[in-house]
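**Student:** 3D, please:
(one chain, ligands or ions: 1)
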Amino acid sequence: MFQNVLGFHLQFLTNIPKIGGRLGANVPRSRSKLAWSTARKLDGQGMKIGIVGLGLIGGSLGLDLRSLGHRVLGVSRQERTCDIAVARGAADEAVTDLALLADTDAIFICTPLAYVQTTVAQLIPHISLTTIVTDVGSVKAAIVRDITPLWRNFVGGHPMAGTAESGIEAAQHGLFAGNPYVLTPTEATPLDAIALVESIIRPLQVRLYHCQPDEHDRAVAWISHLPVMVSASLITACLSDADPASLKLAQLLASSGFRDTSRVGGGNPELGLMMARYNREEVLRSLRVYRETLDRMIHTIDQQDWTTLEETLQQTQAARTRFVD
Ligand code: NAP
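**Tutor:** Below is the predicted model:
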């Protein structure tokens with residue numbers, strides 16, 4: 001009953017669907033003592049927002065958040081990146097020193113996954129207890145498990161948007177609009193922290209969802225991490241043609257079909273590496289199922305079982321719209 005009441009409250013507050021089987025389990029149980037200070041900011045306007053890691057995602061967030069009237073303070077590893085971020089309008093100020101973020105309302109950690117935990121640990125001496133920290137990492141269970149003990153006001157997050165490019169030069173306005181943005185709060189996450197993060201990201205015109213970190217990792221293994229590995233394998237397989245003339249002709253004839261299917265395998269290598277390292281079990285599970293599916297496809301074609309192949313392709317044609325338009 002208690003969880004239902006809070007669940008209703010959260011639903012009312014955020015108007016977001018919850019996904020996954022254990023809906024009550026990820027509803028925070030207690031309101032933070034920070035309720036008053038954050039409640040004043042829940043109109044989502046004019047906050048001081050920090051972004052650490054000014055690359056594709058951090059830079060794109062900065063561009064959109066500044067357009068929405070927030071003051072964006074950026075921190076990145078390289079001075080050159082900071083200068084480009086300011087020149088491109090992705091940050092009002094940007095430096096390599098985390099001390100810049102001392103007085104921020106919320107901070108988005110947008111570094112590669114391997115640096116999220118150390119970045120939060122390095123931030124702690126600089127920020128006040130009221131600062132809300134969120135991340136954009138493509139894997140959630142490991143991140144949430146490692147950061148929750150470090151920072152109470154932490155909300156795991158993952159915008160489901162990207163391009164094949166990386167770095168501040170690739171940052172673009174409107175990258176998140178129309179795409180899912182999933183938050184992965186735990187029972188311990190203060191309601192105020194979730195509400196504040198939502199008030200910042202909802203104006204980006206995203207489709208907001210909540211789920212548990214492990215549910216997130218299993219789901220994105222299917223629709224994001226497996227496709228990267230499959231697409232990378234496709235490029236590798238095409239390159240393995242031993243006949244140089246055939247390979248050259250394939251390269252000349254490659255067009256829209258290959259462009260679509262090779263896009264994620266031809267993207268930022270660090271991203272794919274981190275997906276596999278931090279979501280290893282789920283990536284392996286999905287890859288093994290994929291291998292079995294591929295084996296069945298090979299068998300069907302080898303047997304010239306065109307009826308089965310046609311049925312399979314009819315099913316996949318119809319099923320694709322259950323994932324994307
Ligand atoms: P990216 O374009 O390579 O940007 C990451 C930036 O982080 C780099 O430009 C680098 O800046 C900076 N950085 C690296 N180590 C740092 C450190 N220790 N301290 C401060 N800054 C550091 O990568 P991205 O695609 O934006 O990915 C960033 C995060 O978003 C990852 O966690 C990823 O899982 C997540 N994500 C990515 C996508 C996608 O499709 N790309 C989608 C959703 C979520 P310098 O130039 O200063 O070295």
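**Student:** what average pLDDT does stretch 105-122 get?
**Tutor:** For stretch 105-122, the mean pLDDT works out to 98.
**Student:** so what's the closest residue to A99 other than its chain neighbours up against?
**Tutor:** Nearest non-adjacent residue to A99, counting by CB to CB, 6 or more residues apart in numbering: H126, 5.1 Å away. Yep, even glycine has a C-beta here, placed from its N, CA and C like the rest. Going by CB atoms under 8 Å, 6 or more residues apart in numbering, H126 touches L98, A99, L101, A102.
**Student:** tell me the SS of H126?
**Tutor:** What DSSP: H, G, I helix; E, B strand; the rest coil gives for H126 is coil.
**Student:** tell me the spacing between it and L150.
**Tutor:** Counting by CB to CB, to the nearest Å, the gap from H126 to L150 is 14 Å.
**Student:** likewise for G167?
**Tutor:** Taking CB to CB as the measure, G167 falls 28 Å from L150.
**Student:** please report the distance of the residue in the stretch 151-300 of the chain that the ligand sits nearest to from G272.
**Tutor:** Nearest residue of the stretch 151-300 of the chain to the ligand, counting by CB to the nearest ligand atom: G162, 1.9 Å away. As judged by CB to CB, G162 and G272 stand 12 Å apart.
**Student:** near the ligand, which residues of the stretch 101-250 of the chain show up?
**Tutor:** Applying CB under 6 Å from any ligand atom, we find that the stretch 101-250 of the chain lies next to the ligand at 110-113, 115, 119, 136-138, 158-159, 162, 166-168.
**Student:** only the buried members of those residues: can you turn that into a ChimeraX selection?
**Tutor:** If you want just the buried ones from those in ChimeraX, going by 16 or more other CB atoms under 10 Å, the selection is:
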select :110,111,112,113,115,119,136,137,138,158,159,162,166,168
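**Student:** let's see which of the residues of the stretch 101-250 of the chain next to the ligand end up in strands.
**Tutor:** Counting by DSSP state E, those place H158, P159 in strands.
**Student:** tell me where the stretch 201-325 of the chain has helices.
**Tutor:** Ranges of helices within the stretch 201-325 of the chain are 213-220, 226-239, 244-253, 256-262, 269-278, 280-302, 306-319, based on DSSP state H, counting those that start in this stretch.
**Student:** deepest of those, which one?
**Tutor:** helix 213-220 (a mean of 21; mean count of other CB atoms under 10 Å).
**Student:** and W151, helix, strand or coil?
**Tutor:** W151 falls in the coil class when you classify it by three-state DSSP.
**Student:** any idea which element the spatially closest residue to it that is not a sequence neighbour lies in?
**Tutor:** Nearest in space to W151, with sequence neighbours left out and distances taken as CB to CB, 6+ apart, is V133 at 5.3 Å. Using DSSP states H and E, V133 maps to strand 132-135.
**Student:** now do that strand, average pLDDT.
**Tutor:** 98.
**Student:** packing partners of that strand?
**Tutor:** strand 106-109, helix 116-123, helix 141-147, strand 154-155, helix 191-201 (3 or more CB pairs under 8 Å, 6 or more residues apart in numbering; DSSP states H and E).
**Student:** at 6 Å what do you get?
**Tutor:** strand 106-109, helix 191-201 (3 or more CB pairs under 6 Å, 6 or more residues apart in numbering; DSSP states H and E).
**Student:** for the closest residue to S76 other than its chain neighbours, give me its contacts.
**Tutor:** Setting aside the residues directly before and after it, S76 is nearest to L54 in space (CB to CB, 6+ apart), at 4.0 Å. Residues counted as contacts of L54 (CB atoms under 6 Å, 6 or more residues apart in numbering) are G74, S76, T81, A85, I168.
**Student:** contacts only, for L61.
**Tutor:** L61 makes contact with I51, F108, according to CB under 6 Å, 6+ apart.
**Student:** ok, now the one 3 residues further on?
**Tutor:** Shown in contact with D64 (CB under 6 Å, 6+ apart): L204.
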